[in-house]
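Trainee: task: produce atomic coordinates for the following.
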Amino acid sequence: MYLCILLIYNTKMTKNYSKEEVIEIFKEYLDTQCTIESIYKKYGWTLKRLFKEYGLSKRKERTGHYPLTWLGEKITNEIEAYFVGFMYADGTLNDTQVAIKLKNQESEFKLLSSFRNYITPEQQLTYEKDKTAVKLVINSKIFSSNLQNLGILQKKTYKTLVIPEMDEFLLRHFIRGYFDGDGTIYYDRKYIKANICSINYDFLVLLQQILNRNNISCKINTEIREGKNLLSPQGDYKTTYKNMYRLVFSSKTIKNELKNYFYDNSTIFLQRKRDLFFKENTEVN
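Mentor: Here you go, the predicted structure:
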């Protein structure tokens with residue numbers, strides 16, 4: 001019995017991995033922030049030789065500063081679907097970094113804290129120097145690569161967007177995340193108004209199809225902007241080359257079907273937008 005255990009142990013410790021397997025294991029080391037010794041114990045001490053043989057430095061390649069509890073490989077639950085939807089609308093990334101910057105308000109801070117607690121709980125949120133904005137910045141090649149595989153693109157404004165792969169029941173959380181990033185809800189006198197905007201018309205069509213499947217009626221309006229000089233968030237005027245499209249809901253739909261679709265048994269959302277859905281004593285048309 002002892003001999004069998006010893007043979008199994010030695011087989012694991014001396015396993016000959018392919019170069020592709022070694023690179024994948026090394027990526028796990030880079031982005032989960034586990035110690036190199038724990039990788040050796042998990043996969044075998046032969047990796048100590050193989051890392052060196054393939055020129056994989058155990059420190060200089062490391063880009064993440066904090067351990068990640070979700071690497072973004074796929075969408076499996078509510079918070080992952082919501083986060084990806086929010087990133088589609090209001091996040092940025094490059095090959096090594098993923099970031100979300102929001103106004104320094106209570107609901108925004110709470111939302112970023114929820115993302116941080118789920119993805120990288122040891123990390124701290126940071127602030128702009130003037131304290132007007134709060135940021136979550138995650139330095140990770142693997143996390144960024146996985147999110148791009150889910151459809152979150154670099155410089156995505158003028159690129160084609162698609163719905164990432166997930167179970168049907170998670171789509172409402174994805175759309176709610178996108179709405180909290182790029183949607184608007186407000187009161188026009190006594191009536192509630194809401195829309196989801198994008199310069200990607202085809203993407204709004206995909207959202208419309210999902211909403212229609214769930215008995216939520218909406219239409220797409222076009223705002224002619226092509227060739228116009230419009231004020232940018234940076235305070236200067238720039239010529240735009242794309243029209244803006246808005247997925248528009250009636251106030252009756254907002255207060256009934258859309259509210260239920262977004263918030264029934266939901267646990268993550270931008271609180272200030274949710275509060276408007278539930279505001280009492282408003283008329284609908």
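
Trainee: so what's Leu161 closest to, chain neighbours aside?
Mentor: Nearest non-adjacent residue to Leu161, counting by Cβ to Cβ, 6 or more residues apart in numbering: Phe203, 4.1 Å away. (Glycine included, C-beta is placed from N, CA and C.)

Trainee: residue contacts, that neighbour?
Mentor: Counting by Cβ atoms under 8 Å, 6 or more residues apart in numbering, Phe203 makes contact with 160-162.

Trainee: can I take it that it is in a helix?
Mentor: Yes - assessed by DSSP: H, G, I helix; E, B strand; the rest coil, Phe203 belongs to a helix.

Trainee: and it, how far from Tyr40?
Mentor: Applying Cβ to Cβ, to the nearest Å, the value for Phe203 to Tyr40 is 45 Å.

Trainee: which residues touch the nearest residue to Trp70 once chain neighbours are set aside?
Mentor: Spatial nearest neighbour of Trp70, chain neighbours left out: Ile119 (5.2 Å); criterion: Cβ to Cβ, 6+ apart. Shown in contact with Ile119 (Cβ under 8 Å, 6+ apart): 68-70, 83, 138, 143.

Trainee: any weak-confidence spans in the stretch 101-250 of the chain?
Mentor: 155-159, 226-241 (pLDDT under 70).

Trainee: again, only using 90
Mentor: Within the stretch 101-250 of the chain, the stretches with pLDDT under 90 are 122-124, 128-131, 140-141, 153-161, 188-191, 199, 223-244.

Trainee: residue ranges of the strands in it, please?
Mentor: Along the stretch 101-250 of the chain, counting by DSSP state E, counting those that start in this stretch, strands occupy 126-127, 133-139, 183-188, 191-198, 219-223, 229-231, 237-239, 244-249.

Trainee: other SSEs contacting the last one?
Mentor: Under the contact criterion of 3 or more Cβ pairs under 8 Å, 6 or more residues apart in numbering; DSSP states H and E, strand 244-249 touches strand 191-198, helix 201-213, strand 219-223.

Trainee: what does the first one contact?
Mentor: The list of residues contacting strand 191-198 from outside it, by Cβ under 8 Å, 6+ apart, reads 161, 175, 178-179, 182-187, 204, 207, 221, 244-249, 251, 254-255, 258, 276-277, 279, 282-285.

Trainee: between helix 201-213 and that strand, find me the angle.
Mentor: For strand 191-198 against helix 201-213, the angle by axes from the mean of the first three to the mean of the last three Cα atoms, to 10 degrees is 130 degrees.

Trainee: surely Leu153 meets Leu161?
Mentor: Yes - if you go by Cβ atoms under 8 Å, Leu153 and Leu161 touch, sitting 7.4 Å apart.

Trainee: returning to what we had before: for Leu50, which of the helices and strands packed on strand 244-249 is the nearest?
Mentor: Closest to Leu50 of the helices and strands packed on strand 244-249, according to Cβ to Cβ: helix 201-213, at 43.6 Å.

Trainee: buried set for the closest one?
Mentor: For helix 201-213, a neighbour-count test (16 or more other Cβ atoms under 10 Å) marks 203-204, 207-208, 210-211 as buried.

Trainee: how far out from the middle of the chain is stretch 41-48?
Mentor: The chain centre lies 33 Å from the centre of stretch 41-48; the measure is Cα atoms, centre = their mean, to the nearest Å.

Trainee: so how far is Asn149 from the spatially most central residue of the chain?
Mentor: In the chain, the residue lying closest to the centroid (Cα atoms, centre = their mean) is Val84, at 2.8 Å. Look at Val84 and Asn149: by Cβ to Cβ, they are 11 Å apart.
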